[in-house]
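# One predicted model, sequence on top.
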Amino acid sequence: MTDVQWTASPEPAEGPTGRITAIRGAVVEVRFSGPAPAINTRLLAGPEGRSVIEVADLIDGHTAQGLLLNPGARVALGMAVTDTGGPLTAPVGAGVLGRMIDVFGAPLDGKGPLKDVDYLPIHRPPVPLTRRRPGGEIFQTGIKAIDLLSPIERGGKAGLFGGAGVGKTVLITEIIHNMVAEYEGVSLFCGIGERSREAEELYREMQATGVLEGAVLVFGQMNESPGARFRVAHTALTIAEHFRDAQNRDVMVLIDNIFRFVQAGAEVSGLLGRIPSRVGYQPTLASELGALEERICNTDAGAITSIQAVYVPADDFTDPAATHVFSHLSASVALSRKRASEGLYPAIDPLKSASKMLTPGTVSDRHYRIAREVRRVLAEYEALSDIIAMLGLEELSEADRATVARARRLERFLTQPFFTTEQFTGLGGRFVPLEETLTGCARILSGEMSGLPESAFYMVGAIDEVGKRTEAA
Ligand SMILES: Nc1ncnc2c1ncn2[C@@H]1O[C@H](COP(=O)(O)OP(=O)(O)OP(=O)(O)O)[C@@H](O)[C@H]1O
């Protein structure tokens, strides 16, 4: 850990001191002569208080067990520990805009200390139900498959689910690209347990596209301690809540990857010697996730919209981490390995992706009808796929063949070149307004385009491009 780390938080109050009596990896036991500090209290140890410990358990009235949050810092038996009397704090206010910080609020961008910030505790109860406001509006992403089949709610929570390497990070970066520039609120990106390279790339890209000024980046990447990865989401949410509550602004919180939050919680639980629960996860999974997710909500002051990438271990969508995250969301976009292997990017599975916004009263009737029809045609195609594999297309009835023709064109039309993948696909990105996506799907569904080659529909933006492509060929 760097020197700036501990200077990021305000000066520790001169509180009661204790002594370290045991060290087990990142877990430290501290004995106080007076009463032990409360759970979640921040303790400081080592030279100039550089080692930050968060109290996790109380062993008896005088002894606390805590997690060392910065692994580079050294602690030793007998070392003095100061009780700061409060929890970890996060910097909030205009001074964090345009900055990249870590879980302690320390700058990671080399631009010097944060100015013009206050500090707030990172632990807060969720907003009571009476102060919450329902959403109801749709956020356009410009990504055809998402806008059509799992529209994202303004002030809602959306999850991008997928196994390793199916395109979660690419998709979330594209959403940032398409939405952040036009978004009038504050964007907050929280990186949890992913590669540091991705953090650096995102920072550079946001700087290059000029959206960094209205954004905050908070990182606890995979090289950080489990405690830091576990708490970084709380730091990020505290910053988001402050923009909402104190400045009445809308905030978009992008999290890559919420699974790593659950995973860090499992590591912390293991370090503290708690008995694991189903599939090795912590017994407190549901409450930990609930305490975090429930903080993301709308109030009269403003809306927090959140888009979260969710890693699905071994592509098993019944994994407890994935199902628990799923239960908090208003829209879920499932990425499929099969589609990725066929090059159908974004590899969104139209039948598994869903949104509670896709109901007649919320989206337009046209949107609802077309989305249902697209799903129906694709589901029929899937049901026919075994017969096609065994007997061939020729054995199908005329009506089924027409369905297959439409489904295969729809599948290709729902692919899209991304701005953020331009360097390696060589194709310019496309932002497709919802109306154009609907028109394209309606035309394919009507059968009027079944005469055109399937390849003409692959990696296009709006439907006019299909015609232009066939004319040029
Ligand atoms: N929309 C896309 N267009 C073209 N290629 C893509 C697209 N999405 C993903 N890919 C390919 O898939 C690779 C993996 O994508 P990405 O890193 O987003 O996956 P991930 O699901 O975040 O993986 P991990 O779980 O390992 O972080 C990319 O490097 C790229 O080659």
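Received the coordinates, thanks.
# Now stretch 300-310: buried residues?
Judged by neighbour count using 16 or more other C-beta atoms under 10 Å, the buried positions of stretch 300-310 are 301, 302, 303, 304, 305, 306, 307, 308, 309, 310. For the C-beta atoms, the positions are set from N, CA and C on the backbone; glycine is no exception.
# Please give me every residue in contact with residue 325.
Each residue near residue 325 by C-beta atoms under 8 Å, 6 or more residues apart in numbering is listed here: 159, 258, 259, 262, 289, 293, 308, 310.
# typo on my end, it should be residue 114
Contact partners of residue 114, counting by C-beta under 8 Å, 6+ apart, are 8, 91, 95, 96, 99, 101, 105, 107.
# pLDDT below threshold where in the stretch 351-473 of the chain?
473 (pLDDT under 70).
# Could you report the distance from the residue in the stretch 201-350 of the chain positioned nearest to the ligand to residue 417?
Minimum separation of the stretch 201-350 of the chain from the ligand (C-beta to the nearest ligand atom) falls at residue 345, amounting to 3.4 Å. Going from residue 345 to residue 417 by C-beta to C-beta, to the nearest Å gives 8 Å.
# between the two, who's got more neighbours?
Ranked by neighbour count (other C-beta atoms under 10 Å), residue 345 and residue 417 place residue 345 first, with 21 against 17.
# Does the more buried one touch residue 411 like I think?
No: contact criterion C-beta atoms under 8 Å: residue 345 and residue 411 do not qualify, at 11.8 Å.
# coming back round to it: could you flag which of the contacts of residue 114 are buried?
By neighbour count, with 16+ other C-beta under 10 Å, the contacts of residue 114 hold 8, 91, 96, 99, 101, 105, 107 as buried.
# Out of these, flag the one nearest to residue 203.
residue 99 (10.0 Å; C-beta to C-beta).
# Give the full set of residues in contact with that closest one.
Counting by C-beta under 8 Å, 6+ apart, residue 99 touches 107, 109, 111, 114, 216, 217.
# Could you export these as JSON lines, including secondary structure, pLDDT and distance to residue 448?
What follows is the contacts of residue 99, written out as JSON lines (DSSP: H, G, I helix; E, B strand; the rest coil; pLDDT from 0 to 100; distance: C-beta to C-beta, whole Å):
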{"residue": "107", "secondary structure": "strand", "pLDDT": "93", "distance to residue 448": "57"}
{"residue": "109", "secondary structure": "coil", "pLDDT": "89", "distance to residue 448": "53"}
{"residue": "111", "secondary structure": "coil", "pLDDT": "91", "distance to residue 448": "56"}
{"residue": "114", "secondary structure": "coil", "pLDDT": "93", "distance to residue 448": "58"}
{"residue": "216", "secondary structure": "strand", "pLDDT": "94", "distance to residue 448": "48"}
{"residue": "217", "secondary structure": "strand", "pLDDT": "94", "distance to residue 448": "47"}
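# related to what we said a few turns ago, list residues touching both of residue 345 and residue 411?
If you check residue 345 and residue 411 against C-beta under 8 Å, 6+ apart, no residue is contacted by both.
# distance of residue 345 from residue 419?
With the distance defined as C-beta to C-beta, residue 345 ends up 13 Å from residue 419.
# Now do the strands in the stretch 1-150 of the chain.
17-24, 27-32, 42-45, 51-58, 63-68, 80-83, 89-92, 100-101, 118-121, 138-139 (DSSP state E, counting those that start in this stretch).
# From residue 55, how far off is the nearest residue to residue 249 once chain neighbours are set aside?
The shortest distance from residue 249 to any non-neighbouring residue, by C-beta to C-beta, 6 or more residues apart in numbering, is to residue 243 (4.7 Å). Separation of residue 243 from residue 55 (C-beta to C-beta): 28 Å.
# Of the two, give the one with the bigger neighbour count.
Remark: of residue 243 and residue 55, residue 243 carries more neighbours, 24 against 21, as counted by other C-beta under 10 Å.
# tell me the pLDDT at the more buried one?
Listed pLDDT for residue 243 reads 94.
# tally of neighbours for residue 378?
Residue crowding around residue 378 was assessed by other C-beta under 10 Å; the count is 21.
# That one against residue 351, yeah?
Yes: counting by C-beta under 8 Å, residue 378 does reach residue 351; the two are 6.2 Å apart.
# quick one: contacts for the residue nearest to residue 249?
92, 185, 186, 188, 249, 251, 302.
# ok, which of these also contact the ligand?
With the criterion set as C-beta under 6 Å from any ligand atom, no member of the contacts of residue 243 is near the ligand.
# Farthest pair within the residues you listed?
Greatest spatial distance in those: 92 and 185, 15.3 Å, computed using C-beta to C-beta.
# Which of those two has more residues huddled nearby?
Higher neighbour count among residue 92 and residue 185: residue 92, with 23 against 20, using other C-beta under 10 Å.
# Quickly note the distance from that one to residue 154.
Separation of residue 92 from residue 154 (C-beta to C-beta) stands at 23 Å.
# Then residue 442?
Residue 442 is 25 Å from residue 154, by C-beta to C-beta.
# rewinding a little: including distance to the ligand, could the contacts of residue 99 go into TSV?
Supplementary listing: the contacts of residue 99 in TSV, determined by distance: C-beta to the nearest ligand atom, whole Å:
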residue	distance to the ligand
107	25
109	23
111	27
114	29
216	21
217	17
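# Rebuild those as JSON lines, extending it with distance to residue 227.
Shown next, in JSON lines, are these (distance: C-beta to C-beta, whole Å):
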{"residue": "107", "distance to residue 227": "20"}
{"residue": "109", "distance to residue 227": "23"}
{"residue": "111", "distance to residue 227": "26"}
{"residue": "114", "distance to residue 227": "22"}
{"residue": "216", "distance to residue 227": "21"}
{"residue": "217", "distance to residue 227": "20"}
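# Below-threshold pLDDT in the stretch 1-150 of the chain: ranges please.
Checking the stretch 1-150 of the chain against pLDDT under 70 turns up 1-14.
# contacting residues for the residue of it found nearest the ligand?
Closest approach between the stretch 1-150 of the chain and the ligand, counting by C-beta to the nearest ligand atom: residue 143, at 9.2 Å. Residues in contact with residue 143, defined by C-beta under 8 Å, 6+ apart, are 171, 174, 175, 178, 346, 416, 432.
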